[in-house]
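**Q** Below are the sequence and a predicted model for it; my questions follow.
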Amino acid sequence: MKNYSFYHYAIVFFVTLGLFILAFFLSDKASNARISQIQEIQNKISLDILSIETRYALLGNSSCDHVVSNENFERELNEELNNLARRVKFMESDLGSENPNLLAIKQQYNLLQIKDYLLRQELNERCGEEIVSVLYFHEQSCRDCRRQTVVLDEIGARYPEVRIYWLDRDLHTPAMQTLISIFNIPGSPSIMVDDIVHTGLFSLADVEEMLPLVLVENYYASQEIKEDEEISEEENKEEGTVEKTDI
Amino acid sequence: MHIDWVQVFLYGVVFVSLYTQIFFLYSFFISRKQYKQDSLVSVDPKELPTVTLVVPCWNEEKTIDATFVSLDNVAYPQDKLFVIAVDDGSTDATWKELQKYAQRKNTILLQKENGGKHSALNLALDYVTTDLICSLDADTRLDSQSIQAIASVFVKNKKVSAVGGSVLIHNPATFAQKAQSIEYQMFAFTKKVLGLLGGVLVVPGAFSVFKIDALRAVGGYKRAHNLEDLELTYRLQIAGYEVDHCHNALVYTTGPASVSSLFRQRLRWGYGFLQNTRDYKKIIFNPKMGAFGMFTVPTSVFAYFVILSVFFISWYKIFDGLIHYFSTLQLVGFNSSWQAFVSLDWFFVNTQALSFLSLVIFASVLGTVFLGRYVSGIRKGSFVNFIPFFILYGLVVPFWVLRSVYDTLRASTPSWR
C-alpha cells in the first residue's frame, strides 16, 4: 500500500464526481418540484383572472346592477398573488434570475397581473367597486428593492383586501415596457397607489400613509381589540387562580 | 450568460474538500486488512528492542511527577527501558523536582541552558545507547501498553524508521479542551490512514518513536520554526525512511485550557507548518514522495486556503445579512409578521447542490470522529463535546489561520508559548 497508485486517486475522484452529480440531480429535482408548485399557483391565478374577465365580458353594456362581487374571492386572489411573488422571489435567489423556466413563469405572471389591473380599473370606474391596488415596481439590480419588498410583504399580510401587483421592471415584454412608460415610472423601487407614483425607499408607515385612511385605522383598531382581549384573558386567568385558592 | 464566480469558487473548494474526506474513508476501507494486522499486538517480549524515553522539560515543576508515575506504570521489560529527562534551562523548580528521580533505575538527568526543545532532544541523543528513542512531552501521560504497542511495530516491520502514537485529550474540562478532544479523536483516524498509506505528515513530538540510526542519519532535530516534529518528519520522508502510525499506542495530553492559549499553540503550529512547507516545497505534488507528496502535504496546504476563503465568504454573507436584517427592521418596525416569515414551508428550504454537498462533508467529518474513536478503542465517547468543537472550529480557527498566514508572509516569529 505504500506505493499508492494513481488508480486509487482516480477512483476517489470519480466517487466525488458521482456525489456532485447526485447533489446537482437532487437539487434539480427539488427546483422542478417548486417550479411546478409555482405553476400550480399561477394556473389558479390565471383561472381567477379569466373568471373576472368573463364576468366583465358578460356585463357588456348592461348596467352594473348585475355585477356579483365576492369579497372572499378577491381576498383569496390577493393572497395568491402575494404568495406567488414570495415564491418567485425565493426561486430567483436560488436559481438565478436568468433561469429560463423561472423567466417564463415571471413573464406570464407579470402579464396576468397587468391584465387584472386593467380589468380592475375598469370595474372600479364603471361600477364603483372599491378595491385598492398597489403597483410595486422592482428590479434585480436595485439594492433597496430587497428591503422594499419586505415592506410590501408586510402590507400584504396586514391588509389582505389590498391587491398588490409585483411588477418586475427587468422583464422586457412589450406590455411591461408600455406600462412603465404610460405611468412614467422613473426607477426602482416605485410604488403607485391611486395613480400617484412614489419612487424611492419607503418605510411601512410611509406606505400605510399612501393607503386609504379607513383601511389603516381599521387595522390598528382591530390590533387594539386583540391586545385588549389578550389582557382580559390574562386577567381572567389570574382571577381564576385566586378563586381556586379561596376554595 | 452571467457567471457567479463566488459560486464557482465555492463549488471548487467543496469538491477538493469532499475529495479529501472520501480519500480518507476509501483508503481506510481498502487498507482494512493491513489495519487488522496492525491491531494485533503479538510480539514475543524477547524480541522487543531497547528503548530510551526522552522527556524534554521546560518549567514543568507541576507536571513532572505525573509523567514519572506514568513511566513507572509502563508495561515493558524493565532492562530494556531507559529514561533521559532534560531540563532545558527552566526558570522554576523543575531541576529540583527532577532530583527525586536521580536514583531511579536506568535514568539519566541532564541540565542545560535554555535553547529550545530541539536542543534538549539533541543533547539527549548523545546519551542514547538503545535501538529506539522515544520522545515524550512532560505534560503527556502514557497509557501503560503504549510503549510495547509502538515498539512492536518496529519488530513486525523491519523497514519502518519512525512511528507516531495517537494523542488524546486527558479529561477535557474546559470549553477549549472539549473541542480539542473531538479534534484529536479525528486525528487518530486520519493519522492512522496516512500511516497505512505511508503519508504521515507529522509524528507528534508529544509521543513518537524513532530508530536511533535513522534519527542520527538525518541529522537529529532542528529548530525548524519552532515545529521540530513536523520538520523532522519531512526530512525522514524525503530521505525515504518509512514513517508509520500506531493507533493502539495511546498517550494523553491536557491540551491548552483556554481559547487564547489554544490560539497561541495553533498559531505556532500553523506558522511552523507553512514555513517548513515553504522550506521543503519540492515535496508538493512530487510523485516520488508517494501519498505524502501527492496527497498529505498538498491537502494540508489547501486546508489553509479553504478555511480562509470560506471564512471570508461566510462572514461577508453573515455581515450582509445582518445589515439587511437591521435596515429592514428599521423600515417595517418590530411589530410585524416579517420576522415570522422564516417559514417552516419546505418550499423555502435551500436545496442548492451546495447545501447537499455541505451536508455530506459535515456527515463525513462526524464519521471521521467516530472512526477515530473506533480505532483508539474509545467505547463511550461524549456527544456533547461536538458542540464546542463546531463552535470553536467554525469561529476561531480562521483567525489563527489568518494570523499564521500573515506571519508567514511577513516571516515574523511567534513566541514559543
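**A** Cool, the structure landed.

**Q** The stretch 151-300 of chain B: strands as residue ranges?
**A** Secondary structure of the stretch 151-300 of chain B (DSSP state E, counting those that start in this stretch): strands at B:160-169, B:207-211, B:242-253.

**Q** so what does the lengthiest helix in chain A touch, helix or strand wise?
**A** Ranked by residue count and defined by DSSP state H, the top helix of chain A is helix A:6-59. On a contact count with 3 or more CB pairs under 8 Å, 6 or more residues apart in numbering or on different chains; DSSP states H and E, helix A:6-59 meets helix A:71-95, helix A:100-127, helix B:5-30, helix B:353-376. Using the backbone N, CA and C atoms, a C-beta is placed for each residue, glycine as well.

**Q** For B:Thr190, find the nearest of the ones you listed.
**A** helix B:5-30 (5.8 Å; CB to CB).

**Q** got the angle for the closest one vs helix A:6-59?
**A** 130 degrees (axes from the mean of the first three to the mean of the last three CA atoms, to 10 degrees).

**Q** which parts of helix B:5-30 are buried?
**A** For helix B:5-30, burial by neighbour count (16 or more other CB atoms under 10 Å in any protein chain shown) applies to B:10-11, B:13-28.

**Q** centre of the chain versus the helix or strand following that helix, how much separation?
**A** Counting by DSSP states H and E, the next helix or strand C-terminal to helix B:5-30 is helix B:32-39. Centroid displacement of helix B:32-39 relative to its chain, using CA atoms, centre = their mean, to the nearest Å, is 22 Å.

**Q** Please apply the same query to stretch B:8-23.
**A** The chain centre lies 22 Å from the centre of stretch B:8-23; the measure is CA atoms, centre = their mean.

**Q** before we move on, what about stretch B:153-173?
**A** 12 Å.

**Q** center of the chain - which residue?
**A** All of this refers to chain A. Central residue of chain A (CA atoms, centre = their mean): A:Asn82, 2.2 Å from the mean position.

**Q** other chain: chain B
**A** Mean-position check on chain B, CA atoms, centre = their mean. Result B:Phe187 at 6.0 Å.

**Q** what's the most buried one of the strands of the stretch 151-300 of chain B?
**A** strand B:207-211 (a mean of 27; mean count of other CB atoms under 10 Å in any protein chain shown).

**Q** Remind me what it packs against, helices and strands.
**A** Contact here means 3+ CB pairs under 8 Å, 6+ apart; on that basis strand B:207-211 packs against strand B:132-136, helix B:146-156, strand B:160-169.

**Q** Please save the CA atoms from the shortest one in CSV.
**A** I take that to be strand B:132-136. Below are the C-alpha coordinates for strand B:132-136, written out as CSV (Å, rounded to 0.1, in the frame of the first residue of the first chain):
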residue,chain,number,x,y,z
LEU,B,132,14.9,3.2,19.7
ILE,B,133,14.4,6.6,21.0
CYS,B,134,11.0,7.8,22.2
SER,B,135,10.3,11.5,22.6
LEU,B,136,7.7,12.3,25.2
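
**Q** Check which element follows that strand along the chain.
**A** strand B:140-142.

**Q** If you count neighbours, what's buried in the helix or strand bottoming out on mean pLDDT in chain B?
**A** The helix or strand of chain B with the poorest confidence is helix B:397-410; it has a mean of 79 (mean pLDDT, DSSP states H and E). Neighbour-count burial for helix B:397-410, counted by 16+ other CB under 10 Å, picks out B:Val397, B:Pro398, B:Trp400, B:Val401, B:Leu402, B:Arg403, B:Ser404, B:Val405, B:Asp407, B:Thr408.

**Q** same question, stretch B:211-218
**A** B:Lys211, B:Ile212, B:Ala214, B:Leu215, B:Val218.

**Q** By mean pLDDT, which helix or strand of chain A comes out lowest?
**A** helix A:213-246 (a mean of 71).

**Q** With adjacent residues omitted, what lies nearest to residue 26?
**A** With no chain named, the answer covers chain A. B:Phe356 (5.6 Å; CB to CB, 6 or more residues apart in numbering or on different chains).

**Q** sorry, should have said chain B
**A** Leaving aside its sequence neighbours, B:Tyr26 sits nearest to A:Val12 (CB to CB, 6+ apart; 5.3 Å).

**Q** Great, nothing more from me.
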